[in-house]
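S.K.: After the sequence you'll find the predicted model.
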Amino acid sequence: MTEHLVTLVNPNKVHPPIAPYALDVLTTALERAGFTVDVLDLTFRRQEWQGCLDAYFATRRPLLVGVTVRNTDTVYAFEQRPFVGEHKEIIDAVRRLTPAPIVAGGIGFSTMPFALVDYFGIDYGVKGPGELIICQLAAALAAGQDPATVPGLIRNTAEGVLRVPPAVLGAAPAHPTGQFEPRDWQVDGALSYRRRSGLPDKVDNLRYYQRGGMAGILTKNGCTYRCSHCVEPDAKGIRFARREVAAVVDEMESLTDQGILDLHTTDSEFNLSIAHAKRLLSEVVRRKRADPASSLHQLRLWVYCQPSPFDEEFAALLAEAGCRGVNVGSDHIRPDLLAGWKVTEKGSTYYDFADTERLVRLCREHGILTMVEALFGMPGETPESMRACVDAFMALDATVTGFSLGLRLFPYTPMGIAMAEECAGVRTVAGLQSNTATGPIVLKPLAMCSGPVEYERQFMFDEHGEFRLVCYFSPALLPDPAAAADPTLRWSHPVELLWGAIDPEDHHRVMLPTLAGISEHDNNYADNPFLTSLAGLGYTGAFWSHWRGREEIMRKAREAGLVAAADG
């Protein structure tokens, strides 16, 4: 038996492939703690994953197996494709092949960790950043100690799925589920994560780059904001855990040294905690100026931002550091809708549409591409408010404008909590929807449930254990709002309204939700033919930066045999 081997499994089979950054983070931390780490990556083995598992565990006996769950599902209200069933199939196979305990984590897992520990039938789980907790768990197992001593660890016990209270938060943490806690104590901010390519039993970052077009880079964890539809403050923590600037830029340079030139920030939003973001960009600029041979001169950086804060100094630093594109989540223009939706920790709004206009203008002046995104369907949304937002966003003339419709609800978002409280276990709420619902969707607040497993499960499963992903659309978007009481409604009418609000001459610069028959394209992410074609034809960078050339790219893809004659 290899007493100090930890095996990390990536069960994600969706393409275009996204490198499992979390496994590089965990590998770095575990190796520094003295463990040997193998990465068993099934993304490129999705047709023969069972044989891959059989061959691996025939010769290895790890101390611990870790599984990353990046997404529970597509998170798109018009696709509603769950991934956790496929993940469970893989986890069940692992359990048959090794007696090693299994721990799961990842951002998707952290949205409903108690329910997924129960559903997967695994031993442990980690909510939020996992690099310190997994090292402590592995050390406890290696020493024969009780894992109940590991702070923050979620355990599957005879008494149910329980979490070890983190002593760092005091004797009585705010909530036994870890709901809306700070998680900066779970992060080693000084650690520079090792990003490797071409090595056996490790994440192959260059291969992912060549097949997916970008690599992730994390500058900080957590988010201090409280946007009503967002999982990240709860899942990642309510305080910023900033990484040391030198450690981040070292990691960036190691990637560009490997020929991985397009890097995308994986922060909740890059410009929140803008002083830290400016220090990081300044360090990239300093290294480029100091060393004309540095591979950072080839860096193409892509970032997520909110409309504010974003000033002239920040735009200039982005441009000099090598930023090619900014993806900004403006979401809407109506102050009455944004109030209570896009808010700070204290509940106040932190931008208006003028901030979005300034961001797009500054980016244009500095040669930076922009994608501006709107999200329709929050409570109070009407055809009139949607049309006003469309008109204003199109007038921005961003590189690409994206319009989404409908929201996937999760247990610990403010909106998910509010919907459960409004249902109170006895009624449905108009607008709650699932493509697989067989009856009214009636949620219960946590206080009415037997525990977090029951509470979290209802956002993914129905009472019979079948998948039922809970989404929400504003009833006022329908001609007859009373029709929103039907939980299986497909909401084609507001999609048609949205398409009708866009001049066909502008379709080349707009992303819209799609329904069968409304377009020759499918705008969902998972296994999307346009996105997989980009990789097959050698395109890199943010996929939206190529959107305006979509028709020509798809023509080339058809000629190359990458997609069938009919797209999608």
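M.R.: Okay, I see it. Remember, it's a predicted structure, so these values are computed and weren't measured experimentally. Residues are numbered from 1 along each chain as shown.
S.K.: So residue 325 lies in a strand, does it not?
M.R.: Yes - read with DSSP: H, G, I helix; E, B strand; the rest coil, residue 325 is one of the residues of a strand.
S.K.: change the start of the numbering to 13 and stick with it
M.R.: Let's use 13 as the start, then, which means that last one is residue 337.
S.K.: Next, the contact list for the nearest residue to it once chain neighbours are set aside, please.
M.R.: Using CB to CB, 6 or more residues apart in numbering and skipping residues adjacent in sequence, the residue nearest residue 337 is residue 381, 4.0 Å away. C-beta here means a position set from N, CA and C on the backbone, and glycine is covered the same way. Going by CB atoms under 8 Å, 6 or more residues apart in numbering, residue 381 touches 336-338, 375, 411, 554, 557.
S.K.: again with residue 453
M.R.: 435, 440-441, 444-446, 480, 482, 499.
S.K.: How about residue 411?
M.R.: 337, 381-383, 521, 556-557, 559-560.
S.K.: ok, back up a step: farthest pair within the contacts of residue 381?
M.R.: 375 and 554 (13.3 Å; CB to CB).
S.K.: Pick out whichever of the contacts of residue 381 sits closest to residue 237.
M.R.: residue 338 (18.1 Å).
S.K.: For the stretch 313-462 of the chain, which segments count as helices?
M.R.: Taking DSSP state H, counting those that start in this stretch as the criterion, the stretch 313-462 of the chain carries its helices at 324-333, 347-350, 365-377, 395-408, 426-435.
S.K.: So what touches the last one?
M.R.: Spelled out, it's helix 426-435. Counting by CB under 8 Å, 6+ apart, 238-241, 419, 421-423, 441, 444, 453-458, 467, 470-471, 484 sit against helix 426-435.
S.K.: again, only using 6 Å
M.R.: Under the criterion CB atoms under 6 Å, 6 or more residues apart in numbering, residues 240-241, 421-422, 441, 454-455, 457 lie in contact with helix 426-435.
S.K.: Spell out the secondary structure type for the nearest residue to residue 136 once chain neighbours are set aside.
M.R.: In this structure, residue 136 finds its nearest non-sequential neighbour in residue 115, 3.9 Å apart by CB to CB, 6+ apart. Following three-state DSSP, the label given to residue 115 is strand.
S.K.: So residue 115 sits against residue 78, correct?
M.R.: Yes - counting by CB atoms under 6 Å, residue 78 is a contact partner of residue 115 at 5.2 Å.
S.K.: Which one's more surrounded, these two?
M.R.: residue 78 (31 against 28; other CB atoms under 10 Å).
S.K.: Can I take it that that one is in a helix?
M.R.: No - assigned with three-state DSSP, residue 78 falls outside any helix and is strand.
S.K.: Start and end of stretch 350-360, how far apart?
M.R.: 10 Å (CA to CA, to the nearest Å).
S.K.: Give me the contacts around that stretch.
M.R.: So stretch 350-360 is contacted by 236-240, 343-344, 361-362, 390 (CB under 6 Å, 6+ apart).
S.K.: does residue 163 count as helix, strand or coil?
M.R.: Residue 163 is classified as coil under three-state DSSP.
S.K.: Repeat that for the one 3 residues further on.
M.R.: Using three-state DSSP as the criterion, the local structure at residue 166 reads strand.
S.K.: Tell me what the residue nearest to it when sequence neighbours are not counted is bridged to.
M.R.: Nearest non-adjacent residue to residue 166, counting by CB to CB, 6+ apart: residue 137, 3.8 Å away. Under DSSP bridges, the beta-bridge partners of residue 137 are residue 116, residue 166.
S.K.: which residues touch residue 137?
M.R.: 116, 125, 129, 166.
S.K.: what about it, distance to residue 343?
M.R.: According to CB to CB, to the nearest Å, residue 137 stands 31 Å off from residue 343.
S.K.: Check whether residue 53 really touches residue 22, as I assumed.
M.R.: Yes - using CB under 6 Å, residue 53 is in contact with residue 22, at 4.6 Å.
S.K.: Out of these two, name the residue with the larger neighbour count.
M.R.: Taking other CB under 10 Å, residue 53 and residue 22 do not tie; residue 22 has more neighbours (26 against 23).
S.K.: so what's the more buried one up against?
M.R.: 32, 53-55, 80.
S.K.: what does residue 436 give?
M.R.: Here residue 436 is in contact with no residue (CB under 6 Å, 6+ apart).
S.K.: so where is the stretch 113-262 of the chain shaky, pLDDT-wise?
M.R.: By pLDDT under 70, the weakly predicted segments of the stretch 113-262 of the chain are 183-186.
S.K.: what's the answer for the chain, then?
M.R.: In the chain (pLDDT under 70), the answer is 13-15, 183-186, 528-535, 537, 576-580.
S.K.: Quick one: the strands in the stretch 463-580 of the chain, in order.
M.R.: Ranges of strands within the stretch 463-580 of the chain are 483-484, 522-523, based on DSSP state E, counting those that start in this stretch.
S.K.: what's the burial count for the nearest residue to residue 518 once chain neighbours are set aside?
M.R.: Distances taken as CB to CB, 6+ apart place residue 406 nearest to residue 518, at 6.5 Å, with adjacent residues excluded. Residue 406: 18 surrounding residues under other CB under 10 Å.
S.K.: do you know how far residue 406 is from residue 126?
M.R.: From residue 406 to residue 126 the distance is 43 Å (CB to CB).
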